[in-house]
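K.L.:
compute the structure for the input listed below.
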Amino acid sequence: MRQFSLMTAFVITVGATAAGAEPARSPNVVFILADDLGWGDLGCYGNRALPTPNLDRLAAEGTLFTHFYVGGSVCSPSRSAFLTARYPAVNRIHGHFATDDLNRGRGMPDSLDPAIPTLAAALRDVGYKTAHIGKWHLGHSASSPAPTAYGFDFVRACTSSNDTWKETNDDPYFRAKSSALFVDEGLRFIEANCDKPFYLQLWMLVPHATLNPTPEQLKQFRSLDPGVQAGGRNSARSIYYASVADLDRQVGRLLRGLEDLGVAKDTLVIFSSDNGPEEIFIRNAGHSGVGSPGPFRGRKRSLYEGGIRVPFLLRLPGRVPAGRVEDRAIVSGVDLFPSIAALTGAKVPDASRIDGEDRSAVWLGASMQRKRPLFWEWRFNIAGHVSNISPILAVRDDRWKLLLNPDGSRAELYDIPADPGETKDRAEAHPDIVERLRKQAIEWQRTLPAGPFDKNAGSNAYPWPKQRKAG
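P.N.:
This next block holds a predicted model:
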């Protein structure tokens, strides 16, 4: 077998192993999650300027979904939805986990409650070896449980108080090298566990700000910055492109590693992003604001399509149709747990305790509608252009999407397949649909835990110049 050398020393955290006899072989699962990658950042999603040949290959060998939504418009909420199949607000996860004071100010706990059933724990219960490698961001406090509390046997977490990698100023290129480091460690885990079913959660740091690609990574995009040779600075575009291109390169290494280890044909590979691309107006975002939401309105934090609709690629040879573009089915991050459970024999909580649906049949090629609509809430202000500042609530039911504030203001209705850019408000033409979805959204929000809202949340008012009084 190939030996995978690491670029740094490792500290390994090992939890309890699954009890009982090992079940019959089920598909391995590798879940790769990019950070702040937009729907339009990949070649297979229409980007003709940024080469992503390995992710394009993954799409060609599997299925590409065009209507995939994350559970929240920022990182911690969407990550919690992947693991628990519950809407983030149900778990009081309204924004990203940060300092204890900021969490309390947002009505949030300091971490995801480890008592909530998780995908990793369910898989471990049926004999899977489970690993989390990379960004965690489901508990930032010193008192937060380690990821092993959520069902992981093997953990190499990054950017949390439980780090076993420390992102420090000692190496200005740590983030630039992180995708390679995570893949190295992921391949080591696979090699050690490829004789049994495994679940590998590989959550990347890229292309979240602040990006600082190595000179070697930037070489491919020198033509974008002719002034650099004369002492100028690299452009935001070349920095972003170099970072995403390296992410793609490392995904290619992972795919080749699966083949070399003889497990590619038995492994479900999932690729997605935690939310839409960063807004360039955010402080320190800079080059991250180059990310593309594709044809959609909105970016990270927004409940318009660009903030919550992201890439979703699946490959499982012989089971997930190859070369398929699924352009109708609506799939969500809250569906991950029940769908993987259906393919692996893992148990899910009672349907009344989760918000996701088993969409495994759609993953494997069937055509079927969702049973229930999808809901989102964002309680805080949104930076950027006013056209990207969404209302507080959103609901997607079949072709229709309604956005509104809890007081009924700013009710906007869009026919998403016909108007993916959300430019033609159909609320006046379809008052019956507005009323039906309004009731559903308001009733859903009333079930959520109480908590604070920013003063101007849901407002897209612009500070127009006003006539000043003389004298």
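
K.L.:
in a helix, Arg396, correct?
P.N.:
No - going by DSSP: H, G, I helix; E, B strand; the rest coil, the assignment for Arg396 is strand, not a helix.

K.L.:
ok, what's across the strand from it?
P.N.:
Taking DSSP bridges as the rule, Arg396 bridges to Leu374, Lys401.

K.L.:
what residues are up against it?
P.N.:
Arg396 makes contact with Tyr69, Ile330, Pro373, Leu374, Ile416, according to C-beta atoms under 8 Å, 6 or more residues apart in numbering. C-beta here means a position set from N, CA and C on the backbone, and glycine is covered the same way.

K.L.:
7 Å instead, please
P.N.:
For Arg396, the contact set (C-beta atoms under 7 Å, 6 or more residues apart in numbering) comprises Ile330, Pro373, Leu374.

K.L.:
list the residues that contact the most centrally placed residue in the chain.
P.N.:
With distances taken as C-alpha atoms, centre = their mean, the residue of the chain nearest its centroid is Asp274 (1.6 Å). Contacts for Asp274 (C-beta under 7 Å, 6+ apart) come out as Leu33, Asp35, Val70, Cys75, Ser78, Arg79.

K.L.:
list the contacts of Pro452.
P.N.:
Pro452 is in contact with Gly105, Arg106, Gly107, counting by C-beta under 7 Å, 6+ apart.

K.L.:
repeat for Ile433
P.N.:
Ile433 neighbours (C-beta under 7 Å, 6+ apart): Trp400, Leu413.

K.L.:
packing partners for the longest helix along the chain?
P.N.:
Looking across the chain with DSSP state H, the single longest helix is helix 236-260. Applying 3 or more C-beta pairs under 7 Å, 6 or more residues apart in numbering; DSSP states H and E, one finds that helix 236-260 makes contact with helix 53-60, helix 174-193, helix 215-218.

K.L.:
so for it, what gets flagged as buried?
P.N.:
Of the residues in helix 236-260, 236, 238-255, 257-258 count as buried by neighbour count, 16 or more other C-beta atoms under 10 Å.

K.L.:
neighbours around Ser387, how many?
P.N.:
13 (other C-beta atoms under 10 Å).

K.L.:
likewise Ala176?
P.N.:
23.

K.L.:
quick one, grab the pLDDT at it.
P.N.:
What the model reports for Ala176 is a pLDDT of 95.

K.L.:
residue contacts, it?
P.N.:
Asn212, Pro213, Thr214, Gln217, Ser243, Asp246.

K.L.:
surely the last one touches Ser179?
P.N.:
Meaning Asp246. Yes - contact criterion C-beta atoms under 7 Å: Asp246 and Ser179 qualify, at 5.8 Å.

K.L.:
any idea how far Asn103 lies from Glu61?
P.N.:
Noted for Asn103: a distance of 41 Å to Glu61, by C-beta to C-beta, to the nearest Å.

K.L.:
more crowded one of those two?
P.N.:
Between Asn103 and Glu61, Asn103 has the larger neighbour count (other C-beta under 10 Å), namely 23 against 18.

K.L.:
just put the helices and strands packed on helix 236-260 in TSV and tack on distance to Arg124.
P.N.:
Output for the helices and strands packed on helix 236-260, formatted as TSV (distance: least, C-beta to C-beta, whole Å):
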stretch	distance to Arg124
helix 53-60	26
helix 174-193	12
helix 215-218	36
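
K.L.:
so which of the ones you listed comes closest to Ile270?
P.N.:
helix 53-60 (9.7 Å; C-beta to C-beta).

K.L.:
before we move on, what SS does Val269 have?
P.N.:
strand.

K.L.:
torsion angles phi and psi at the residue nearest to Ile330 when sequence neighbours are not counted?
P.N.:
Nearest residue to Ile330 in three dimensions, chain neighbours excluded: His67, at 4.8 Å (C-beta to C-beta, 6 or more residues apart in numbering). When read as degrees, to the nearest 10, the backbone of His67 gives phi -110, psi 60.

K.L.:
and His67, what is it in contact with?
P.N.:
Applying C-beta under 7 Å, 6+ apart, the residues near His67 are Ala329, Ile330, Val331.

K.L.:
for the last one, phi and psi?
P.N.:
According to degrees, to the nearest 10, the main-chain angles of Val331 amount to phi -130, psi 150.

K.L.:
how about the contacts made by it?
P.N.:
So Val331 contacts Phe65, His67, Phe68, Phe312, Arg359, Val362 (C-beta under 7 Å, 6+ apart).

K.L.:
who's it bridged to?
P.N.:
Beta-bridge pairing of Val331 under DSSP bridges involves Phe68.

K.L.:
per-residue pLDDT, it?
P.N.:
98.

K.L.:
part of a strand, is Thr130?
P.N.:
Yes - Thr130 forms part of a strand when assessed by three-state DSSP.

K.L.:
what are the contacting residues of the longest helix of the chain?
P.N.:
2, 32, 34, 41, 50-55, 58, 176, 179-180, 183, 186-187, 190, 204, 206-207, 211, 213, 217-218, 220-221, 224-225, 264, 267, 286-291.

K.L.:
same check on stretch 33-42?
P.N.:
So stretch 33-42 is contacted by 45-47, 50, 52, 55-56, 75, 135, 203-208, 244, 247, 272-278, 288, 291-294, 296, 300, 306, 309-311 (C-beta under 7 Å, 6+ apart).

K.L.:
give me that answer again for 6 Å
P.N.:
Applying C-beta atoms under 6 Å, 6 or more residues apart in numbering, the external contacts of stretch 33-42 come out as 45-47, 52, 55, 203-205, 207-208, 244, 272-274, 276-278, 291-294, 309-311.

K.L.:
keep only those of those residues that are in strands.
P.N.:
Judged by DSSP state E, the contacts of stretch 33-42 include Trp203, Ser272, Ser273 as members of strands.

K.L.:
of the residues you listed - the most surrounded one?
P.N.:
Of these, with other C-beta under 10 Å as the count, Ser273 tops at 28 neighbours.

K.L.:
which residues touch that residue?
P.N.:
Ala34, Leu37, Val310, Pro311.

K.L.:
is it bridged to anything, and to what?
P.N.:
Going by DSSP bridges, Ser273 is paired in beta bridges with Ala34.

K.L.:
and the pLDDT at it?
P.N.:
Taking Ser273 on its own, its pLDDT is 98.

K.L.:
and if you look at Val14?
P.N.:
33.

K.L.:
repeat that for Leu393.
P.N.:
98.

K.L.:
quick one: it and Gln440 touch, right?
P.N.:
No - contact criterion C-beta atoms under 6 Å: Leu393 and Gln440 do not qualify, at 10.0 Å.
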